[in-house]
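just the structure for this:
(one chain, ligands or ions: 1)
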Amino acid sequence: MATAWRIPPRGTQYLSTSRLEHHLTGVAEALRKLKDRGYKLIVITNQSGIGRGYFTEKQYRAVEAEFSRQIGHALIDATYFCPHLPNDGCKCRKPSPEMIFAAAQDHDVDLARSFLIGDKKSDMECGHNAGVKTILVRTGYGKETDERSADCVARDLEDAANAILHGIP
Ligand SMILES: [Zn+2]
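Just a heads-up that it's a prediction; the model follows:
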């Protein structure tokens, strides 16, 4: 079993460590519950800020490492990111399912029993393209995302984790 999810940005398209701290209340606990249930926690993220030269891949990895540190040791199993620009024509950028397929292969994930939690329409499309159930969180961009694009809607990541734990119809 696995859960594929992405770090929900709030009011910004790009990550920074200071912003990350705001996401962590309740999130670590919810993710730990999923982990205890046997889910793998994999981050699937578009990081076109790298391709745009806003930050380097090394800087992105530092943010990611800081996130992992803050959220708790070994909670996140893996991170997959697309560093390309929307018009680069790459195969990995969401809504392409390629990063999910790569994660499934690398981490022995059963996509039929997996979920993608995200806040954008491209996340929902990515999930559908990969054949996983999608959960739209109403945080960050998710406040405005059309809920018809999702299989299920949750208030936030904690709520989404609880929905998975209690069984989504
Ligand atoms: Zn890409």
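
give me the mean pLDDT for the longest strand that the chain contains.
Scanning the chain for the strand with the most residues, using DSSP state E, yields strand 40-46. The pLDDT scores in strand 40-46 average 94.

which residues of the protein score low on pLDDT?
Applying pLDDT under 70 to the chain flags residues 1-25, 169.

next helix or strand past the longest helix along it?
Ranked by residue count, the top helix of the chain under DSSP state H comes out as helix 57-71. Beyond helix 57-71 in the direction of the C-terminus, DSSP states H and E gives the next helix or strand as strand 78-82.

in a strand, Ala30, correct?
No: read with DSSP: H, G, I helix; E, B strand; the rest coil, Ala30 is helix and lies in no strand.

tell me how many other residues crowd it.
Look at Ala30: counted by other C-beta atoms under 10 Å, it has 18 neighbours. Every C-beta, even on glycine, is put in place using the N, C-alpha and C of the backbone.

tell me how far the nearest residue to it once chain neighbours are set aside lies from Asn46.
Using C-beta to C-beta, 6 or more residues apart in numbering and skipping the chain neighbours, the partner closest in space to Ala30 is Ala161 (3.6 Å). Here the criterion is C-beta to C-beta, to the nearest Å. By it, Ala161 lies 22 Å from Asn46.

ok, Tyr54 next?
Applying C-beta to C-beta to Tyr54 and Asn46 gives a distance of 13 Å.

hang on, the earlier thing: in which helix or strand does the residue nearest to Ala30 reside?
Using DSSP H and E, Ala161 falls in helix 157-165.

just the buried positions in that helix, please.
For helix 157-165, a neighbour-count test (16 or more other C-beta atoms under 10 Å) marks Leu157, Glu158, Asp159, Ala160, Ala161, Ala163, Ile164 as buried.

contact residues of the protein facing the ion?
Residues of the chain lying close to the ion by C-beta under 5 Å from the ion are Cys82, His84, Cys90, Cys92, Arg93.

can you flag the buried ones in the residues you listed?
With neighbours counted by 16+ other C-beta under 10 Å, those contain buried members at Cys82, His84, Cys92, Arg93.

neighbour count: Tyr54 and Asn46, which is higher?
Asn46 (25 against 13).

perfect, that will be all.
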